[in-house]
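**Student:** Can you look at this prediction? I've put the sequence above it.
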Amino acid sequence: MEEKGFPAFGTGCASLLSRHLTRRVWEELKDLETGSGYTAADLIRSGVEQQESSVGVYAGDAESYDLFSPLLTPVVREYHGNAGPHPAPDYSLAHLPELSVSAARKIISTRVRVGRNLAGFPLGPAISPGQRREVEERIKAALTRLPEHLQGTYHPLPEMDPALRDDLIERHLLFKNEDRFLLSAGLMRDWPEARGLFLSHDEAFSVWVNEEDQLRIISLQKGGDVTEVFKRLADGVAALSSHLDFLTHPRLGSLTSCPTNLGTAMRASVHMKLKGLAEDEEALHKTANALGLQVRGIHGEHSEGRGGIYDISNRMRLGVTEAAALGHLIDGIARLALLDDEASAS
């Protein structure tokens, strides 16, 4: 920080925070504080400490999105292409496009998740240890009331056998505390207390408790049956919604700590073999971006593709329904599969 508190960004910093945090905006926000005690300095800490961030801000509570709106609204608008309003949820299957044969052959696994947080509590960056424990207890109680096909076991992280933990992490079923962006945002405080994993008996449905968001509700399976994975997720969200009061905003939909997840808070993704397009990763990223998709390595954000296998997901979350976002992903991966076939044949 400079002497008057305005953060210094390096010449290579291209985050949304660095673009939208002007001195005028900082002067307007720097002395404000939410009812949870969350300040503008807290809001931007991750993006200041980790200047490779693409966004750089994490909200501490629902009030953050209104109190700090001179900064957050432009960030939200640039990332999502809009700042609301967000439509009502829609998990219907009737109008989903069919997955192309070529895309289905290239998909290794499919995963759809949503983030949720509980009404009446701060978000992860501002939550207290006691509040985090209460959130965990409420979620655990709701998980015992899931329908039969989603039932399973809750595994508290502090009690988890290290061998089991390592196995679950290796199979992408469990989160870690190694993300430096989340660490800077305060999301890994008091680790691993009041964190855990719910895993269904068939391992096709899971809930991460008190990671980046208080719930990450996840449906996943091998292969490319996107519709089946989506339906299972919808069943889980509906069941948990009947026992938990989730945090929402009249304009922004589901509220999350990171503004990129607002709206549906849904990320639908496939691990996909794209060996032809892998020959030019820069072109792959540009093509995917033009299709409204994101490309990551198979080990998540900030990782690289290996062996021509990539994680492809929807970028659209705010201002669209869940069904529309999934349909957009299906159309996009069909286009990538076609381009990959052409690249492999040339």
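**Tutor:** Cool, got the structure. Because the structure is a prediction, the values reported are computed rather than measured. Numbers count the residues shown, from 1 in each chain.
**Student:** Name the spans of the stretch 151-300 of the chain whose pLDDT lies under the cut-off.
**Tutor:** Along the stretch 151-300 of the chain, segments meeting pLDDT under 70 span 299-300.
**Student:** Without its sequence neighbours, what residue ends up closest to Met318?
**Tutor:** For the record, residue 318 is Leu, not Met. Closest residue in space to Leu318, ignoring its immediate chain neighbours: Gly263 at 3.3 Å, by Cβ to Cβ, 6 or more residues apart in numbering. No exception for glycine: its C-beta is placed from N, CA and C like everyone else's.
**Student:** nope, Gln131 is what I meant
**Tutor:** Phe121 (5.5 Å).
**Student:** ok, how many other residues are close to the residue nearest to Leu318?
**Tutor:** Gly263 has 29 neighbours, counted by other Cβ atoms under 10 Å.
**Student:** residue contacts, it?
**Tutor:** Contact analysis of Gly263 by Cβ atoms under 8 Å, 6 or more residues apart in numbering lists 80, 84, 86, 252-254, 317-320.
**Student:** and those as TSV, adding distance to Asp66, secondary structure and neighbour count?
**Tutor:** Conversion of the contacts of Gly263 to TSV gives the following (distance: Cβ to Cβ, whole Å; DSSP: H, G, I helix; E, B strand; the rest coil; neighbours: other Cβ atoms under 10 Å):
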residue	distance to Asp66	secondary structure	neighbour count
His80	17	helix	21
Gly84	12	coil	18
His86	15	coil	23
Leu252	10	coil	24
Gly253	15	strand	24
Ser254	16	strand	23
Arg317	19	coil	25
Leu318	16	coil	27
Gly319	18	coil	20
Val320	22	coil	24
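**Student:** Switch these over to TSV; also include distance to Gly35.
**Tutor:** Formatted as TSV, the contacts of Gly263 follow (distance: Cβ to Cβ, whole Å):
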residue	distance to Gly35
His80	26
Gly84	22
His86	24
Leu252	18
Gly253	22
Ser254	20
Arg317	26
Leu318	24
Gly319	28
Val320	31
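**Student:** could you list every residue that touches Ser92?
**Tutor:** Neighbours of Ser92 in contact, by Cβ under 8 Å, 6+ apart: Ala323.
**Student:** What segments of the stretch 101-250 of the chain are helices?
**Tutor:** Assigned by DSSP state H, counting those that start in this stretch, the stretch 101-250 of the chain shows helices spanning 101-106, 129-143, 162-170, 180-185, 226-241.
**Student:** can you tell me which of the ones you listed comes nearest to Thr22?
**Tutor:** Set against Thr22 and scored by Cβ to Cβ, the helices of the stretch 101-250 of the chain come closest in helix 180-185, at 21.8 Å.
**Student:** For the closest one, output the C-alpha coordinates as CSV.
**Tutor:** Extracted in CSV, the C-alpha atoms of helix 180-185 (Å, rounded to 0.1, in the frame of the first residue of the first chain):
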residue,chain,number,x,y,z
ARG,A,180,-2.9,-18.9,-2.2
PHE,A,181,-5.7,-16.7,-3.5
LEU,A,182,-8.2,-18.2,-1.0
LEU,A,183,-5.5,-18.0,1.7
SER,A,184,-5.1,-14.3,1.1
ALA,A,185,-8.8,-13.8,1.2
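**Student:** before we move on, the earlier item: pretty sure the residue nearest to Gln131 sits against Gln214.
**Tutor:** Yes: using Cβ atoms under 8 Å, Phe121 makes contact with Gln214 at a distance of 7.3 Å.
**Student:** Between those two, point out the one with more neighbours.
**Tutor:** Gln214 (30 against 21).
**Student:** before we move on, the earlier item: would you convert the helices of the stretch 101-250 of the chain into CSV that also reports mean neighbour count and distance to Gln51?
**Tutor:** Listed next are the helices of the stretch 101-250 of the chain as CSV, based on neighbours: other Cβ atoms under 10 Å; distance: least, Cβ to Cβ, whole Å:
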stretch, mean neighbour count, distance to Gln51
helix 101-106, 17, 36
helix 129-143, 17, 28
helix 162-170, 12, 28
helix 180-185, 20, 10
helix 226-241, 20, 35
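**Student:** Lovely, talk soon.
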